[in-house]
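In: got a structure for you, letters missing:
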């Protein structure tokens, strides 16, 4: 029974591909990405450490599959600066700042002070026009959040693929902001200061 469970966990990469495929056809599916965002944090606060990263992360499995099985990785060691605490914490701060800006833009649409921006922003620089066919179903802020969140998920996956190609397959996992955050939470939970 244990081997069957292990075998099914080896296919979590399908969730990543499904997420991006569904979001491409309907941006509202981007909300499902919150599961990948919140689950590791919840598990870390429940003293499960980095179990999400080590067992359940579909993105890590996808990068491993592309890099090892399809030989798309050069399998070179990462530069030391990418593994440093300074870079990892700096990237976490940058990532969370981008997340807060995305939330603020969502709030502006919610408050009616800004129109819906039908655009995907890739690597925080490139803007792709994105037409939403019917915005009458939900409030506009729901679509704005979906566009922003999908942009962040897509950007982080592209960064993961770039580092997978240049270095080892799961290089992204070394500086992944969610991984860094769960590590910080785990350290706090396991080593509380009295």
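Out: Cool, got the structure. What you see is a predicted model, and the numbers here were worked out from it, not measured in a lab.

In: who's in contact with residue 110?
Out: Shown in contact with residue 110 (Cβ atoms under 8 Å, 6 or more residues apart in numbering): 139, 140, 141, 144. Where you see a C-beta, it was placed from the backbone N, CA and C, and this is true even at glycine.

In: Check those residues against residue 81 and report the nearest one.
Out: residue 144 (35.0 Å; Cβ to Cβ).

In: Does residue 148 touch residue 104 like I think?
Out: No: Residue 148 is beyond contact range of residue 104, at 9.7 Å (criterion: Cβ atoms under 8 Å).

In: which stretches of the chain have low pLDDT?
Out: Along the chain, segments meeting pLDDT under 70 span 1-7, 189-194.

In: how about residue 126, phi and psi?
Out: Main-chain dihedrals, residue 126, degrees, to the nearest 10: phi -90, psi 130.

In: Count the neighbours of it for me.
Out: 12 (other Cβ atoms under 10 Å).

In: distance of it from residue 44?
Out: Counting by Cβ to Cβ, to the nearest Å, the gap from residue 126 to residue 44 is 32 Å.

In: Next, residue 133: secondary structure please.
Out: Per DSSP: H, G, I helix; E, B strand; the rest coil, the local secondary structure of residue 133 is coil.

In: roughly how far apart are it and residue 34?
Out: 23 Å.

In: Quick check on the two: which one has the bigger neighbour count.
Out: The neighbour count for residue 133 versus residue 34, taken as other Cβ under 10 Å, is higher for residue 34 (12 against 5).
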